[in-house]
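Visitor: Sharing a model that was predicted from the sequence below.
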Amino acid sequence: MSKNGYLQIHDPLKPKGQAVGIDLGTTNSLVAAVVQDTPRCVPVDEGDALLLPSVVHYAKDGGVVVGARARALASEHPTDTIASVKRFMGRSPDDAETRKLGHYLFAPGAKVVRFDVAGGTPVTPIEVSGEVLRALKRRAEAHFSTKVEQAVITVPAYFDDAQRQATKDAGRLAGLEVLRLLNEPTAAALAYGLDKGSQGTFAVYDLGGGTFDISILKLVDGVFEVKSTGGDSALGGDDFDRAIAQRVLETLGASEAPAPALVAEVLAASRKAKEALTDASSVEFTAGGQTHAVKREDFDAWIQPFVQKTGTVCRRAMKDAGVTAGELDGVILVGGATRVPAVRRYVAELFGREPLGDINPDQVVALGAAVLANLLTTADRQDDVLLLDVIPLSLGLETMGGIVEKLIQRNSTIPTTAGQVFTTFKDGQTGLDVHVLQGERELVEDNRSLARFTLSGIPPLAAGLARVEVRFQVDADGILSVSAQEQSTGVSQSITVKPSHGLTDEEIEQMLLDSIDYAEDDIQARQVREQRVDAERVLAEADRQLGEHGALLQDGERAVIDAAIARVRELMKGEDHLKLKEAVHALDEASRPFIERVMNQAITQVVAGHSVEDY
Amino acid sequence: MRTHFDVFGLKRAYDVDVPALEKQYRELSLQLHPDRVAQASARERLQALEGTTALNEAFKTLKDPVRRAFYLLKLHGIDLDREDAGAQKDMPLAFLEEVMDLREALDTAMAKKDLGRARAMADDVEARKKAALTQAAESLRTLEADAPGDDGQELVRKASHALGRVRYFTRFLEQVDAFEEEIQA
């Protein structure tokens, strides 16, 4: 209540802070915004990094850490640190993608993937992604010193309905109004098209950490018309890492059921090796206590099956768009995995031209999303920019004999709608079961099951007389909604939608309530938690070094370090994260001369090629 | 009832100037699309969604000569896209024989994994499809242009038979495509 006694209501026209574009990536996530007519990425992690690793760590005390700090905790707490969560969005526990090499524990018995992590109840991929989005929102708010409540979030063009819905739900959990789910290749084209003033037909080849997309777009006078799209939402740079990791595990004799900590370590080392092979022709690294060497030509051969898979998808997309490689005006590369030389070579050969990559392939999607967020929040638009996107996979209904009847074909421009009339097959029948599917295959079991519902309240008539029309509406986010009407009486039917792989609205509501309750969730509490995790890591490291290399301590040094440790331990019980940070820093300072001696000794030993035991 | 032609302010006809249609589609999209009114009231946004949905449907139908022909036939009361359509049962016997022959030959080629044979059949069927569409187009053109009077029913029947074949040939070609992808995978 305000002073004059009138109830204050929310003013819908009041500005909602800074609208942003978010690239919620498999490996890294970014936020960008248009400021003074230019889209720019915003620092979101330590050291003003523009990339926030999409890694979430769940600590024993219920704390949550996101980003580079979380990634540093992965090898120590492999099952409590979730990376590449995007691969699990909208998927069920028995999906092939869920079962790939990884180091997570899954909670049993649910239709939705749930990770068993420290600090309480298992978390779903939606909640994990929600944490990444929340971190991005907070850090963008800190950067702009204003609220961030509206966002365009990008998704792989090839994401199906369940994966899109899951992404939108994650946005809601993070307290964001999702202005639009934007397809990643379309976002990239938007950034390129507006930057370069291009016209013509372009292919966007987007190979990220876990997903592959190809889109063919036509740009005419500011209108970006997607002609076709294709992809594989379970193919990306992560598969390249796993290709290396699998060989390393074999070498270590640990390919059968390796320990999560070893998997996490080997995967992390493999990722670094892959990155090094972009510039180097061979790389050496240590993992599992052994040194491994990988030549680029071997790596190229290992990843060849994945790279070739993208070619099949590209050819189909060109066919669907009715263009040949020669008719394209350019090929745009997006996604970190397109840095791999073998991928670049393959793309150049496939399209018969050198691809464009002059906007940073990590940032281009976020920049495009920021442009759209800006356009969508402009009240009185004067520009001529418009995106006309398509639905990536056909939508249909199950009919007699387990066959799918397609109602909306893949690559239909959205928003779109379609209907199908059903009749009753028994006298007096008042209900009808409807099964909604997405995919290109003929048989029900080969497609993605999106939802089942029962149409009830059909007037009891003779068989075949009641006619129920089921209508699909796909909105501009590519998300489906379904309605039904009995045609002879005009009675609308009540529909119970049971998402086959997603969460129900009730579950989402509960999560929202939980996160609000739990969140005295202010920045202060979170910083304390993050600082505690950091302190724990520093303490563990100090304990280890003191235990292993106590002989290198000089007179009086131990007492100073012990005092610093005691101070950190004391402050970890409190709530003052700044004091704790200072204490951690002081511990670092106090132990530095000692640590330097430890390092020097290690280097001397390596240089000499012998260990202490040899003497 | 508002037809797809009405959406573009066009006179109902078989022949459509597709480049002009594309240009008009972009212009209308810029006026109607939900993204243009993202900050407006819920009612305006719903109208934009409905308007754009209708525009997309009309554009998809009119830009493609096959879809356009099926749509015109539907305006004449015969909906070949409906599974329960009586029109399909009404196809001439010669067509049923044609279907059985093609079906048998393709099954044989697929059983032998003979992609070359399947492709050759696809080329032949593609030509038959084109010829059938030309036949349908002639009937539809006459139907739309003149007041055909008593000939009307006969023209609709002719168009319906021709498009029934187009529909079958399209499915046949899709099957060959699927077979090709399967072999290549």
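Guide: Thanks, I have it. Residues are numbered from 1 along each chain as shown, chains lettered A, B, ... in the order given.
Visitor: and A:Pro593, how many neighbours?
Guide: By other CB atoms under 10 Å in any protein chain shown, the residues close to A:Pro593 number 14. For glycine as for every other residue, the C-beta is placed from the backbone atoms N, C-alpha and C.
Visitor: hang on, I meant A:Gly21
Guide: A:Gly21 has 31 neighbours, counted by other CB under 10 Å.
Visitor: need the contact list for the residue nearest to the spatial centre of chain B.
Guide: Nearest to the geometric centre of chain B sits B:Arg67, at 2.2 Å (CA atoms, centre = their mean). B:Arg67 makes contacts with B:60-61, as judged by CB atoms under 8 Å, 6 or more residues apart in numbering or on different chains.
Visitor: can you pull the buried residues of whichever strand or helix holds it?
Guide: According to DSSP states H and E, B:Arg67 maps onto helix B:65-75. Along helix B:65-75, these residues count as buried under the neighbour rule (16 or more other CB atoms under 10 Å in any protein chain shown): B:65-66, B:68-73, B:75.
Visitor: Please apply the same query to stretch A:399-406.
Guide: A:404, A:406.
Visitor: Let's see the distance spanning that stretch from one end to the other.
Guide: The straight-line separation of the ends of stretch A:399-406 (CA to CA, to the nearest Å) is 10 Å.
Visitor: quick one: contacts of that stretch?
Guide: By CB under 8 Å, 6+ apart, stretch A:399-406 touches A:394-398, A:420, A:437, A:439, A:441-445, A:447, B:83.
Visitor: Show me how far that stretch is from its chain's centre.
Guide: Remark: stretch A:399-406 is offset 33 Å from the chain centroid, using CA atoms, centre = their mean, to the nearest Å.
Visitor: Check the model's average confidence along it for me.
Guide: In this model, stretch A:399-406 has an average pLDDT of 85.
Visitor: where does the residue in the stretch 151-300 of chain A positioned nearest to chain B fall, phi/psi-wise?
Guide: Closest residue of the stretch 151-300 of chain A to chain B, CB to the nearest CB: A:Val223 (4.7 Å). Main-chain dihedrals, A:Val223, degrees, to the nearest 10: phi -90, psi 120.
Visitor: Just the helices from the chain, written as ranges.
Guide: Just so you know, I chose chain A. According to DSSP state H, chain A carries its helices in the segments A:68-72, A:125-144, A:161-173, A:184-196, A:237-251, A:260-276, A:296-321, A:341-351, A:364-376, A:505-518, A:523-549, A:557-572, A:577-608.
Visitor: not quite, I wanted chain B
Guide: Secondary structure of chain B, counting by DSSP H: helices at B:4-7, B:18-32, B:42-63, B:65-75, B:86-89, B:93-111, B:115-145, B:151-184.
Visitor: Comparing these, which yields the minimum mean pLDDT?
Guide: Among the helices of chain B, helix B:86-89 scores lowest, with a mean of 56.
Visitor: didn't B:Lys113 look like it was pressed against B:Ile183?
Guide: Yes. Counting by CB atoms under 8 Å, B:Ile183 is a contact partner of B:Lys113 at 6.5 Å.
Visitor: give me the number of residues near the residue of the stretch 451-600 of chain A found nearest chain B?
Guide: Using CB to the nearest CB, the closest approach of the stretch 451-600 of chain A to chain B is made by A:Ala476 at 5.5 Å. Number of residues near A:Ala476 (other CB under 10 Å) recorded here: 22.
Visitor: Deepest-packed of the helices of chain A, please.
Guide: helix A:364-376 (a mean of 28; mean count of other CB atoms under 10 Å in any protein chain shown).
Visitor: Just checking it against chain B, any contact.
Guide: Yes. Judged by CB under 8 Å from any CB of the partner chain, helix A:364-376 comes into contact with chain B through A:375-376.
Visitor: same for that helix, what does it pack against?
Guide: If you count contacts as 3 or more CB pairs under 8 Å, 6 or more residues apart in numbering or on different chains; DSSP states H and E, helix A:364-376 packs onto strand A:20-24, strand A:28-35, strand A:38-41, strand A:150-155, strand A:177-183, helix A:184-196, strand A:330-334.
Visitor: What separation do you get for A:Ser481 and A:Leu450?
Guide: 11 Å (CB to CB, to the nearest Å).
Visitor: more crowded one of these two?
Guide: The neighbour count for A:Ser481 versus A:Leu450, taken as other CB under 10 Å, is higher for A:Leu450 (24 against 12).
Visitor: thinking the more buried one is in contact with A:Val434, fair?
Guide: No. Judged on CB under 8 Å, A:Leu450 makes no contact with A:Val434 at a distance of 10.9 Å.
Visitor: burial measure for residue 98, as a count.
Guide: Going with chain A. Neighbours of A:Thr98 under the rule other CB under 10 Å: 17.
Visitor: wrong one, I was asking about chain B
Guide: Counted with other CB under 10 Å, the neighbours of B:Glu98 add up to 16.
Visitor: Report the contact partners of it.
Guide: B:Arg165.
Visitor: OK, now which residue of chain A is nearest to chain B?
Guide: A:Leu376 (4.2 Å).
Visitor: From B:Arg117, how far off is that residue?
Guide: Note on A:Leu376: its distance to B:Arg117, by CB to CB, is 53 Å.
Visitor: Could you do A:Asp320 as well?
Guide: Separation of A:Asp320 from B:Arg117 (CB to CB) stands at 25 Å.
Visitor: Need the nearest residue in space to the closest residue to chain A within chain B, chain neighbours excluded.
Guide: Residue nearest to chain A within chain B: B:Ala38 (4.2 Å; CB to the nearest CB). Using CB to CB, 6 or more residues apart in numbering or on different chains and skipping residues adjacent in sequence, the residue nearest B:Ala38 is A:Leu376, 4.2 Å away.
Visitor: Could I get the pLDDT score of the one you found?
Guide: pLDDT recorded at A:Leu376 is 94.
Visitor: which ones are touching it?
Guide: Counting by CB under 8 Å, 6+ apart, A:Leu376 makes contact with A:19, A:152, A:179-180, B:35, B:38-39.
Visitor: shaky segments in chain A?
Guide: A:1-16, A:491-503, A:508, A:511-526, A:603-615 (pLDDT under 70).
Visitor: Kindly report the residues of it close to chain B.
Guide: Residues of chain A lying near chain B (CB under 8 Å from any CB): A:179-180, A:220-221, A:223, A:225, A:312, A:316, A:375-379, A:381, A:384, A:386-388, A:399, A:405, A:412-417, A:421, A:473, A:475-476.
Visitor: from memory B:Val18 sits against B:Phe59, does it?
Guide: No. Look at B:Val18 against B:Phe59 with CB under 8 Å: they stay out of range, at 10.2 Å.
Visitor: higher neighbour count, the two?
Guide: Taking other CB under 10 Å, B:Val18 and B:Phe59 do not tie; B:Phe59 has more neighbours (22 against 13).
Visitor: Now do the nearest residue to that one once chain neighbours are set aside: how many residues are near it, please.
Guide: Spatial nearest neighbour of B:Phe59, chain neighbours left out: B:Tyr25 (4.7 Å); criterion: CB to CB, 6+ apart. When neighbours are counted by other CB under 10 Å, B:Tyr25 registers 23.
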